[in-house]
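Novice: pasting the sequence and the predicted model now:
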Amino acid sequence: MKSLHFQILLSSLLFLCCTPVVKAQKYQDRISIINNNINKYLTDKKTGLYYETTGEQKENPHSWLWPLCALIQASNEMEVLNPQGHFMAPVVSAINQYYSKVAPAPAYQDYVTQERLSSRFYDDNQWIAIAYLDAYNRTGNKEYLDKSKEIYRFLLTGYDQVAGGGIYWKEGDKETKNTCSNGPNILVSLQLYKITREKKYLDTAMLVYDWTNKNLRAKDGVFYDALKVNAMKVDSGLYTYNTGTMLQSNVLLYELTKNKKYLAEAKTIAKAGEVHYYKNGKLPSHYWFNAVFLRGYMELYKVEKDKSRLQFIIDDADRVWKEERDDKNLLGRENTKSLLLQAGMMEIYARLATIK
């Protein structure tokens, strides 16, 4: 009889630990720990800026803009879970300190403006616009929309007909046109079209979508890193985030046009991404790249409602927490922990917490 009672109790506990509420709380707990660590180890309380890594800041006093692109998206996802959390405000305030009015269009430079004049990257600005548009759709705050439109105008300055079209990676650098500066542009343009229904945004999205597929799509469905335009040679580096943006782009195009070819392409990319990147029970170690990768799968999940397609990412996120966390609960394989990777995992856990 005792054995039977034990089996019933064990079954009940197993059932409870697998319920969506319990799983969501697990992710919420992890998010809280990571966020507290960012505030404790990676935030400059005097300036409202952030540090690139834990420990001594060897390159710059403060972080490059790129980690804030990760943190602003993670903060938005945290507000999806807790709308009263006001997680975005301090990050927006920090990002504003990177704002540059240099011609031909205002945008964010890659380092703190008051500390020095620096470069401006098209992808940095795209990641910010993506987060702001998500925040606008969630809150209706017009400032997010206005800033995203301003970024869109800056992005157009990076487009020309060299190599048949496409957007450069870095302002003033005419060497490469990258998936990471074209895939996110499609997303920004499609979101602006969805909100405004102004045809120019859809036209931009399709122009860049066609160019990226023609020049940077691998035969198996994942996406190469860049096209070196002078030599017309592909940089065949493969990173999860490039596949993620193009997966998400196809799902959004399906939602907007109802053309099933985009959904079919999304499914092809999703399968290819899992086969190519998930090896020996692991995704590649760049958490933020994997967060962008997840965005594409989450977009497809909204349409398919097929949780099994997400399982390999869920498993990897749990593995990271178990295997790649130090005694301070900071994440990463390196001894020095980075803001970029903490923010990347925070976004992943926040998105996974929304799965029913």
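Specialist: Received, thanks.
Novice: sketch out the low-pLDDT regions of this structure for me.
Specialist: Segments of the chain classed as low confidence (criterion: pLDDT under 70) are 1-20.
Novice: now do the strands in it.
Specialist: 43-44, 49-50, 99-100, 107-108, 168-170, 173-178, 224-228, 233-238 (DSSP state E).
Novice: of all those strands, which one is nearest Y193?
Specialist: Nearest to Y193 among the strands of the chain is strand 107-108 (20.7 Å), distances taken as C-beta to C-beta. In this view, the C-beta of every residue, glycine as well, is placed from N, C-alpha and C.
Novice: can I get the strands of the chain in CSV with distance to G140 and mean neighbour count?
Specialist: What follows is the strands of the chain, written out as CSV (distance: least, C-beta to C-beta, whole Å; neighbours: other C-beta atoms under 10 Å):
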stretch, distance to G140, mean neighbour count
strand 43-44, 28, 16
strand 49-50, 27, 22
strand 99-100, 23, 16
strand 107-108, 23, 24
strand 168-170, 33, 21
strand 173-178, 33, 18
strand 224-228, 37, 20
strand 233-238, 38, 13
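Novice: for those, which one sits closest to Y122?
Specialist: strand 168-170 (6.4 Å).
Novice: circling back to that earlier point, pipe the strands of the chain into CSV and attach distance to M298 per row.
Specialist: Formatted as CSV, the strands of the chain follow (distance: least, C-beta to C-beta, whole Å):
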stretch, distance to M298
strand 43-44, 28
strand 49-50, 26
strand 99-100, 30
strand 107-108, 26
strand 168-170, 26
strand 173-178, 23
strand 224-228, 23
strand 233-238, 21
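Novice: quick check: K147 vs D235, distance?
Specialist: The span separating K147 from D235 equals 31 Å under the rule C-beta to C-beta, to the nearest Å.
Novice: doesn't G164 make contact with N215?
Specialist: Yes - with contact defined as C-beta atoms under 8 Å, N215 reaches G164; the gap is 7.4 Å.
Novice: more crowded one of the two?
Specialist: For the pair N215 and G164, the greater number of neighbours falls to N215 (21 against 14), based on other C-beta atoms under 10 Å.
Novice: list the contacts of the more buried one.
Specialist: Taking C-beta atoms under 8 Å, 6 or more residues apart in numbering, we find N215 in contact with 163-164, 166, 177, 227, 234.
Novice: among the residues you listed, which two are most distant?
Specialist: Farthest pair in those, by C-beta to C-beta: G164 and V234, 13.5 Å.
Novice: what sits against the residue nearest the centre of the chain?
Specialist: Centroid-nearest residue in the chain, with C-alpha atoms, centre = their mean: V292, separated by 3.4 Å. Shown in contact with V292 (C-beta under 8 Å, 6+ apart): 240-241, 244-245.
Novice: mind listing what's buried in the biggest helix by length in the chain?
Specialist: Under DSSP state H, the helix in the chain containing the largest number of residues is helix 20-41. Neighbour-count burial for helix 20-41, counted by 16 or more other C-beta atoms under 10 Å, picks out 23-24, 26-28, 30-31, 33-35, 37-38, 41.
Novice: which members of those are the farthest-apart pair?
Specialist: Across the buried residues of helix 20-41 (C-beta to C-beta), the longest gap, 27.3 Å, separates K23 and Y41.
Novice: pretty sure Q97 contacts D44?
Specialist: No - counting by C-beta under 8 Å, Q97 stays clear of D44, with 10.8 Å between them.
Novice: how close does A74 sit to M298?
Specialist: Note on A74: its distance to M298, by C-beta to C-beta, is 14 Å.
Novice: of these two, who's got more company?
Specialist: Counted by other C-beta under 10 Å, A74 and M298 do not tie: A74 has more neighbours, with 30 against 20.
Novice: so that one touches L339, yeah?
Specialist: No - contact between A74 and L339 fails when scored by C-beta under 8 Å: they sit 10.3 Å apart.
Novice: still on that earlier bit, what's the longest helix of the chain packed up against?
Specialist: Applying 3 or more C-beta pairs under 8 Å, 6 or more residues apart in numbering; DSSP states H and E, one finds that helix 20-41 makes contact with helix 65-81, helix 339-352.
Novice: which of these sits most buried?
Specialist: Of all the helices and strands packed on helix 20-41, helix 339-352 carries the top mean neighbour count, a mean of 27, counting by mean count of other C-beta atoms under 10 Å.
Novice: contacts only, for G237.
Specialist: Here G237 is in contact with 224-226 (C-beta under 8 Å, 6+ apart).
Novice: one more time with 6 Å
Specialist: D225 (C-beta atoms under 6 Å, 6 or more residues apart in numbering).
Novice: before we move on, what about T157?
Specialist: 104-105.
Novice: look up phi and psi at it.
Specialist: phi -70, psi -10 (degrees, to the nearest 10).
Novice: any idea how far N178 is from it?
Specialist: Computed with C-beta to C-beta, the distance linking T157 and N178 is 16 Å.
Novice: what does G85 give?
Specialist: From G85 across to N178, the span is 33 Å (C-beta to C-beta).
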